[in-house]
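>>> Provided below for reference: sequence and predicted model.
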Amino acid sequence: MDLKLSGRVINILKEQSGESKNGPWRKRDFILETKGKFPKKVCITQWGDNIDKQPVEENAEITAYIDIQSREYKGNWFTDIKAWKVEQGSDEVDAPPSAPGLTSEGSQEIDYDEDDVPF
C-alpha cells in the first residue's frame, strides 16, 4: 500500500534517542495538519538518518510518504505512522472530505453534502 499525507507542519517535538540491543537509535515526531473541509492533526515519526536527510520545519507545506503499523503489547494495540520519505511542498490542493490529505492507490473519492459531518 502506497500512502502519502500532505499538509502543514504545525509542531515539531523534541528528538528522542536511546540504545537497544541492535545499537543506538533516534526518532523525532512532528504534527502534520491536513487540508480539506475537515482538517486532521496527525503525529508522524521520522527515524534515524531521515531526520537529517529530509528535515521538516514548522509551518512548512510537505508531503510525507508513510507506513502505518500496529503492534500488540500486553493486550493493548499501538499504531505508528512512520515517514520513510518527506518532500517539501504539498501535491494536493484539496483532499477528498472522506480522508483529508490521505491518498492511496486505487482509493475511491466520496462526495459529501455541505450538511454532512466526518463521523
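The structure has been received and is ready for your questions.

>>> what residue lies at the spatial centre of this protein?
Computing the C-alpha centroid of the chain and ranking residues by C-alpha atoms, centre = their mean puts I44 first, at 4.3 Å.

>>> got a list of what that residue touches?
By C-beta atoms under 8 Å, 6 or more residues apart in numbering, the contact list for I44 reads 5, 29-32, 64, 66, 81-83. Where you see a C-beta, it was placed from the backbone N, CA and C, and this is true even at glycine.

>>> for beta bridges, what are the partners of it?
Beta bridges link I44 to F30 when assigned by DSSP bridges.

>>> helix or strand: which one has the closest residue to S17 other than its chain neighbours?
In this structure, S17 finds its nearest non-sequential neighbour in R26, 4.0 Å apart by C-beta to C-beta, 6 or more residues apart in numbering. Here R26 sits within strand 23-34, counting by DSSP states H and E.

>>> so how far is that strand from its chain's centroid?
Its chain's C-alpha centre and that of strand 23-34 lie 10 Å apart, by C-alpha atoms, centre = their mean, to the nearest Å.

>>> so for that strand, what gets flagged as buried?
Residues of strand 23-34 classed as buried: 27-32, 34 (neighbour count, 16 or more other C-beta atoms under 10 Å).

>>> from the contact counts, what lies against it?
Identification of packing neighbours for strand 23-34 by 3 or more C-beta pairs under 8 Å, 6 or more residues apart in numbering; DSSP states H and E yields strand 3-12, strand 16-20, strand 41-47, helix 50-53.

>>> which among those is found nearest to G89?
G89 lies closest, by C-beta to C-beta, to one member of those: strand 3-12, at 8.8 Å.

>>> residues contacting the residue lying closest to I31 once chain neighbours are set aside?
Nearest non-adjacent residue to I31, counting by C-beta to C-beta, 6+ apart: N11, 4.2 Å away. N11 sits next to 30-31, 58 when contact means C-beta under 8 Å, 6+ apart.

>>> lowest-pLDDT helix or strand in this protein?
strand 102-104 (a mean of 52; mean pLDDT, DSSP states H and E).

>>> list the buried residues of the helix or strand where W77 lies.
Per DSSP H and E, W77 falls inside strand 76-88. Judged by neighbour count (16+ other C-beta under 10 Å), strand 76-88 contains these buried residues: 80-83, 86.
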